[in-house]
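>>> Task: produce atomic coordinates for the following.
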Amino acid sequence: MEINLDDNFKINFVFIINSMKKIVSLLFIFFCISAFSQADTAQVVVPNRINSFEAISKPYVILISADGFRSDYAKKYNAKNLLEIAENGVSAKALIPSFPTITFPNHWSLITGLYPAHHGLIDNFFYDYKKQEFYKMSSQENAEDGTWYGGTPLWSLAEKQGALSASMMWVGSASDAGGIRPTYYYHYHEKFSPDEKVEKVIDWLQLPEDRRPHFISLYFPEVDGAGHRFGPDSPEAEKSVHLVDDAVGLLIRKVNELGLKNVNFIFVADHGMVKVDVENPLEIPEMLFDKKRFDFYNAQTLMRVVVKNPAEVKSVYKELKKNKTADYDVFLDKRFPKKLHFSPKNDRYNRIGQILLVPKAPKIFLEKGKKTSLGKHGYSPYEVPEMKATFIASGPAFKQNKKIGEFQNVNIYPIVADILNLKVTEPIDGTQKVAKEILQK
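Residues are numbered from 1 along each chain as shown. Reported below is the predicted structural model:
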């Protein structure tokens with residue numbers, strides 16, 4: 001085909017226009033991403049809230065969670081700041097997580113005083129048959145939808161009784177669970193370093209008295225991430241422990257520099273961590289892949305089975321029990337160990353399933369072809385001591401040089417409520433026993 005000058009001009013013009021369109025599109029995408037990133041890290045402040053006259057004179061509580069900070073990590077890795085706090089304040093032999101010993105369920109247990117089967121977050125990933133929807137911890141829409149969460153979180157309890165609160169990315173803190181969000185909070189992201197989070201907490205504590213939060217929840221994910229990827233005995237796990245320990249030390253020093261009176265620190269974890277056998281995982285029983293008969297939800301350290309025809313539950317249980325190996329147990333939900341509070345009478349949202357397959361550590365269930373991590377949690381803390389977490393506290397509200405035994409994490413709720421003189425307005429699973437043992441009054 002012969003092309004004249006006019007044709008060349010047209011072709012070049014079309015090429016330029018198309019190129020400009022592509023550039024504009026790329027710029028648009030870039031600016032959208034930039035805008036999203038900025039919005040994602042922005043603090044959310046609920047307007048028109050102030051402390052009541054009574055709240056202004058209340059103590060301060062900073063509740064710190066280091067995800068995956070096992071009960072022996074402070075000593076194992078010589079976390080100097082935490083060890084010093086433990087020596088001078090209150091420390092427990094271990095904090096016993098609720099079952100299953102998984103992140104979202106236990107953070108919600110810590111903040112509501114309820115066992116997972118009572119508050120509804122029975123896993124990081126589950127299906128609600130009434131809603132006919134999946135809950136996924138990775139979904140911002142799920143994580144910020146308060147209809148998934150039962151109980152009244154501590155920030156809601158404080159806000160309803162006139163005391164402002166703030167949260168740095170605690171599970172559920174960006175949702176309206178409990179009827180009211182913290183006055184100050186962030187949508188979840190992992191772009192802030194531990195030291196940056198500390199600076200933002202200090203910013204909150206420098207606000208004028210009428211706008212200063214008296215309850216602050218602060219979350220660090222680093223120890224859990226290192227434990228999963230490299231294992232609990234790795235140099236990376238040790239480094240992550242020191243990273244968090246340094247941040248806690250920095251926080252306490254900066255709070256002391258503010259000259260505030262009656263600031264109390266509570267350091268906890270949601271669960272521990274154990275190295276698992278990734279080379280020889282357990283096979284999922286073949287029969288469970290029949291989607292017409294079953295749904296199963298594999299957390300690798302726990303498998304929950306829903307039998308679609310209730311009339312088949314007993315026969316399926318017997319078959320699974322008959323064919324199981326010595327590396328895992330099979331339970332009917334109603335025969336699950338009572339001390340784990342994970343049976344039908346506890347299952348207020350009907351989310352657990354009728355049959356539970358429980359691997360014996362370090363074994364895990366793993367679908368063929370799927371990859372997994374070296375470190376895991378989720379096992380019973382009574383059977384696998386590596387699941388146990390840390391509790392250390394200090395401040396004017398706490399006794400000094402006090403060492404106590406193990407206690408369940410649902411008891412954190414009444415401890416905080418007692419310090420802040422908050423009335424617990426609905427039944428919880430925690431009791432006042434531990435609070436009476438470790439608090440000054």
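>>> what's around residue 306, how many residues?
By other C-beta atoms under 10 Å, the residues close to residue 306 number 18. For glycine as for every other residue, the C-beta is placed from the backbone atoms N, C-alpha and C.
>>> tell me the secondary structure for it?
strand (DSSP: H, G, I helix; E, B strand; the rest coil).
>>> isn't it right up against residue 295?
Yes - in this structure, residue 306 is within contact of residue 295 by C-beta atoms under 8 Å, at 4.3 Å.
>>> Need the residues touching each of these two.
127, 353 (C-beta atoms under 8 Å, 6 or more residues apart in numbering).
>>> Just the C-alpha atoms of stretch 109-117, please, in PDB.
In PDB, the C-alpha atoms belonging to stretch 109-117 read as follows (Å, rounded to 0.1, in the frame of the first residue of the first chain):
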ATOM      1  CA  SER A 109     -11.100 -12.200  73.400                       C
ATOM      2  CA  LEU A 110      -8.500  -9.900  74.900                       C
ATOM      3  CA  ILE A 111     -10.600  -6.800  74.100                       C
ATOM      4  CA  THR A 112     -14.000  -8.200  75.000                       C
ATOM      5  CA  GLY A 113     -13.400 -10.700  77.800                       C
ATOM      6  CA  LEU A 114     -15.300 -13.400  75.800                       C
ATOM      7  CA  TYR A 115     -14.100 -16.800  74.500                       C
ATOM      8  CA  PRO A 116     -14.100 -17.000  70.700                       C
ATOM      9  CA  ALA A 117     -17.200 -19.200  70.500                       C
END
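>>> can you map out the strands along the stretch 151-300 of the chain?
165-168, 184-186, 215-220, 263-268, 274-275, 294-298 (DSSP state E, counting those that start in this stretch).
>>> Could I get those in a markdown table, plus columns for distance to residue 204?
Listed next are these as a markdown table, based on distance: least, C-beta to C-beta, whole Å:
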| stretch | distance to residue 204 |
| --- | --- |
| strand 165-168 | 5 |
| strand 184-186 | 6 |
| strand 215-220 | 6 |
| strand 263-268 | 12 |
| strand 274-275 | 36 |
| strand 294-298 | 38 |
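>>> Let me have those strands in JSON lines, extended by distance to residue 437 and mean neighbour count.
Converted to JSON lines, the strands of the stretch 151-300 of the chain look like this (distance: least, C-beta to C-beta, whole Å; neighbours: other C-beta atoms under 10 Å):
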{"stretch": "strand 165-168", "distance to residue 437": "26", "mean neighbour count": "27"}
{"stretch": "strand 184-186", "distance to residue 437": "32", "mean neighbour count": "24"}
{"stretch": "strand 215-220", "distance to residue 437": "22", "mean neighbour count": "25"}
{"stretch": "strand 263-268", "distance to residue 437": "14", "mean neighbour count": "23"}
{"stretch": "strand 274-275", "distance to residue 437": "29", "mean neighbour count": "21"}
{"stretch": "strand 294-298", "distance to residue 437": "38", "mean neighbour count": "17"}
